[in-house]
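Chemist: just a sequence and a predicted model for now, questions to come.
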Amino acid sequence: MAVIPLDTEALRERTLEARVDLHLCQAGFGVNPYLERRARMDELRRLDRMSDAELARIGLSRETLVAHVFSGPAA
């Protein structure tokens, strides 16, 4: 297993993917549906790059991003 420094984009991406995995499992999808996940990751990454203040201005928080992105139909 590769060691990933804590301040890298790779760690941020792995953390984001782990949050998606947890959300989809809790929503009853079990094993993550690949196409569903793939269709929404660009939007999730875009939102995740925003600051906490920017997210707050649009009514979101870092903790609610995954649920927000995966709650409606895929774009």
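Modeler: Sure thing, it's come through.

Chemist: avg pLDDT for the helix ranked longest in the chain?
Modeler: Ordering each helix of the chain by length in residues (DSSP state H) puts helix 9-26 first. Across helix 9-26, the average pLDDT comes to 74.

Chemist: helix or strand right after it?
Modeler: Counting by DSSP states H and E, the next helix or strand C-terminal to helix 9-26 is helix 34-48.

Chemist: who does the longest helix of the chain touch, helix- and strand-wise?
Modeler: Helix 9-26 makes packing contacts with helix 34-48, helix 65-69 when contacts are defined by 3 or more C-beta pairs under 8 Å, 6 or more residues apart in numbering; DSSP states H and E. Bear in mind the C-beta positions are built from the backbone N, C-alpha and C, glycine included.

Chemist: mind doing that once more with 6 Å?
Modeler: helix 65-69 (3 or more C-beta pairs under 6 Å, 6 or more residues apart in numbering; DSSP states H and E).

Chemist: and the helix it packs on, what's buried?
Modeler: 65-66, 68-69 (16 or more other C-beta atoms under 10 Å).

Chemist: which strand or helix spans Gly59?
Modeler: Counting by DSSP H and E, Gly59 is held by no secondary-structure element, helix or strand.

Chemist: what's the neighbour count on it?
Modeler: By the criterion of other C-beta atoms under 10 Å, Gly59 has 8 neighbours.

Chemist: picking up where we left off before, list just the nearest of the buried residues of helix 65-69 to Leu35.
Modeler: Val69 (14.8 Å; C-beta to C-beta).

Chemist: need the pLDDT of the closest one.
Modeler: 90.

Chemist: report the two of the buried residues of helix 65-69 separated the most.
Modeler: Farthest pair in the buried residues of helix 65-69 (C-beta to C-beta) is Val66 and His68. Separation: 7.2 Å.
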